[in-house]
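In: structure here, sequence nowhere to be found:
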């Protein structure tokens, strides 16, 4: 991974005098600012201290962030105990289940909001409070671009619930019970009862979905405090982490340790190894690639695959394993995992504490017997959770979460059953006259970055109802979209180039043969080049367009999956 050099600022904290409004008279600008903020009751003493901005993503539409008021109070307490001035400000908040068409569509907008509010307002350091899937990456992307010292505080995972004596939690169990309902194994009354029990508290999903993945990789990157990823949202541990985050933010104001000094090729590789070792969400690749791109760091899929071949899965969490985030926390959290991964890590990478990752691992103490985090010598899977595929169907690459796939389907050839878009799939997938068998391969087109738009998590195609009723639990499924980190199955995602831009996926027809071989890292459409060329002529692809607004900005600017689905103009310019 190569990185462009970027100068860092040795300037002392600017406090309230930073980023002054332009009136043509600097002294008057500061005079006016102080006059207005004194209207809120601040004294000259408080206004002379380092300013710690706190980005709040509290929203009634975002239960993942339902504990934000308590976290804000604790962060403010930590800041004031350390001698700083905390000032809270709001930004966009995105919840995975409440945003249409998909939260990924608005991730880049949230990153722009975060970046510009950090730039526009006086703050020496920013504390980023977020948790739900796209909020943490958006915040880290914005902070990386803004260049102001920053520290991430995740909201934490929800508690697990219980259904008829069985421990359950969102959202892997959501998908499991819904699959049982589709297969008519449980009835409407049963699915209604379990709906009350899957989400036992506020907080992010209790499994290793995208939110938990991003919490872990933020810590591995060095952008969050050691031990901060795993405490559940409604625990005292989470509140104490928030207070320590506030205290650390004031120390950051003195050191001026900006994101570009923390997020480096070395720390990015550490984060990728953790992503692989936890059986993390495939979305994590997109988000890490986007964060890295803001700082001129290239995340190469071939390098990722090489890391995956030597980085085993050590964490026994759903959907790849059996436990939940609460159990991970009780087992020691990310520091305990890093202790096992130590031989594979760059220990000299800096963290927000000002100490190196190696120093923080040593400070975390000795481990203790537990069953959630496996030792390096005894992994759950010998290779990392994610594999990179290439071939005639995905010349730009595709990925599969091999730790959550069926072993029997890792090498498979089958007939393609093609759905042209989400609407086509919704209309036909449950029809009894659908010509499909469990040996076929389901293909969904036009759900890539531009095709949907926004690359929705529709890559987790449901098993056709008539097969589900017959007991079929998994099939090979392929798309240019995404899959929730909470989902499991033999599912190929992020096929690049996407079908809406004329990628080979766009010309697959029902009846074509497709071959998947994860061991060889291959994904091939068994159709001649001449036939594909003929299809390109007979059915030309017209990329989607929009006339105005954010949709136009998105379609004109969004990159493909291999560049993180960021806007091209937000990535660091080439030098």
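Out: Received it, and whenever you're ready, just let me know what you need. Bear in mind that the values here come from a model prediction, so they are computed numbers and not experimental data.
In: check the secondary structure at the residue found closest to residue 376 once you drop the neighbours it is linked to in the chain for me.
Out: Spatial nearest neighbour of residue 376, chain neighbours left out: residue 340 (5.0 Å); criterion: Cβ to Cβ, 6 or more residues apart in numbering. Every residue, glycine included, has its C-beta placed from N, CA and C. Recorded secondary structure, residue 340: helix (DSSP: H, G, I helix; E, B strand; the rest coil).
In: please tell me how far residue 340 sits from residue 404.
Out: Using Cβ to Cβ, to the nearest Å, residue 340 is found at 21 Å from residue 404.
In: for the two, indicate the residue with more neighbours.
Out: A count of neighbours by other Cβ atoms under 10 Å puts residue 404 above the other of residue 340 and residue 404, at 26 against 21.
In: got the contact list for the more buried one?
Out: Residues in contact with residue 404 (Cβ atoms under 8 Å, 6 or more residues apart in numbering) are 279, 319-320, 385, 487-489.
In: so which of those is the closest to residue 420?
Out: Here the nearest of these to residue 420, counting by Cβ to Cβ, is residue 489; it sits at 21.4 Å.
In: could I get the contacting residues of the closest residue to that closest one other than its chain neighbours?
Out: Computed as Cβ to Cβ, 6+ apart, the closest residue to residue 489 that is not its neighbour in sequence is residue 474, at 5.1 Å. With contacts defined as Cβ under 8 Å, 6+ apart, the neighbours of residue 474 are 405-406, 409, 463, 489-490.
In: residue 359 too?
Out: Taking Cβ under 8 Å, 6+ apart as the definition, residue 359 has no contacts.
In: would you list the phi and psi of residue 220?
Out: Backbone geometry at residue 220, expressed as degrees, to the nearest 10, gives phi -60, psi -30.
In: give the contact list for it.
Out: By Cβ under 8 Å, 6+ apart, residue 220 lies in contact with 267, 270-271, 273-274, 334, 338, 357.
In: returning to that earlier point: now list the buried members of the contacts of residue 474.
Out: 405, 409, 463, 489-490 (16 or more other Cβ atoms under 10 Å).
In: in those, find the pair that's most separated.
Out: Largest separation among the buried ones among the contacts of residue 474 by Cβ to Cβ: 405 and 463, giving 14.3 Å.
In: give me the neighbour count for residue 138.
Out: 31.
In: show me where the chain has its strands.
Out: With strands called from DSSP state E, the chain shows them at 51-56, 85-90, 125-130, 150-154, 161-163, 166-168, 386-391, 394-401, 411-419, 441-444, 476-479, 491-496, 513-517, 522-525.
In: these: which one's closest to residue 225?
Out: Ranked by Cβ to Cβ, the member of the strands of the chain that lies closest to residue 225 is strand 150-154, at 7.3 Å.
In: between strand 125-130 and that closest one, find me the angle.
Out: Between the axis of strand 150-154 and that of strand 125-130 there is an angle of 20 degrees, by axes from the mean of the first three to the mean of the last three Cα atoms, to 10 degrees.
In: give the other helices and strands that strand 150-154 contacts.
Out: strand 125-130, helix 135-146, helix 210-221, helix 236-255 (3 or more Cβ pairs under 8 Å, 6 or more residues apart in numbering; DSSP states H and E).
In: let me know which of these is tucked in deepest.
Out: Counting by mean count of other Cβ atoms under 10 Å, helix 210-221 has the highest mean neighbour count of these, with a mean of 30.
In: that one versus strand 150-154: what angle between them?
Out: Using the same axes, to 10 degrees: helix 210-221 against strand 150-154 is 140 degrees.
In: please renumber so the chain begins at 52
Out: In the new numbering, first residue 52, that becomes helix 261-272.
In: run the chain-centre distance for helix 261-272.
Out: Mean C-alpha position of helix 261-272 versus that of the full chain (Cα atoms, centre = their mean, to the nearest Å) differs by 8 Å.
In: likewise for stretch 202-213?
Out: Its chain's C-alpha centre and that of stretch 202-213 lie 14 Å apart, by Cα atoms, centre = their mean.
In: right, so of the strands of the chain, which gets closest to residue 157?
Out: strand 176-181 (13.4 Å).
In: which outside residues touch the closest one?
Out: Contacts of strand 176-181 (Cβ under 8 Å, 6+ apart): 101, 103-108, 116, 119, 122-123, 126, 130, 135, 165, 169, 187, 189-191, 194, 197, 199-206, 296-297, 300-301, 303-304.
In: strand partners of that strand, parallel vs antiparallel please.
Out: Strand 176-181 has the following strand partners under DSSP bridges: strand 102-107 (parallel), strand 201-205 (parallel).
In: give me the pLDDT value at residue 624.
Out: You'll see residue 624 listed with a pLDDT of 72.
In: before we move on, back to that, export the contacts of residue 455 as TSV, with columns for pLDDT.
Out: Listed next are those as TSV, based on pLDDT from 0 to 100:
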residue	pLDDT
330	95
370	93
371	91
436	94
538	91
539	91
540	95
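In: most neighbours among those residues, please name it.
Out: Ranked by the number of neighbours (other Cβ under 10 Å), these place residue 436 first, at 30 neighbours.
In: tell me how far that residue lies from residue 391.
Out: 15 Å.
In: give me the number of residues near residue 591?
Out: When neighbours are defined as other Cβ under 10 Å, residue 591 has 8 of them.
In: ditto for the one 3 residues further on
Out: One way to gauge burial is a neighbour count; for residue 594, by other Cβ under 10 Å, it gives 11.
In: give me the pLDDT value at it.
Out: The model's pLDDT for residue 594 equals 90.
In: any idea which of the contacts of residue 271 is the one closest to residue 430?
Out: residue 324 (12.8 Å).
In: leaving out sequence neighbours, find the closest residue to the closest one.
Out: Nearest one to residue 324, counting by Cβ to Cβ, 6+ apart, is residue 362 at 4.9 Å.
In: so what pLDDT did the one you found get?
Out: pLDDT for residue 362: 97.
In: try residue 280
Out: 98.
In: excluding residues flanking it in the chain, which one is nearest it?
Out: Closest residue in space to residue 280, ignoring its immediate chain neighbours: residue 266 at 4.0 Å, by Cβ to Cβ, 6+ apart.
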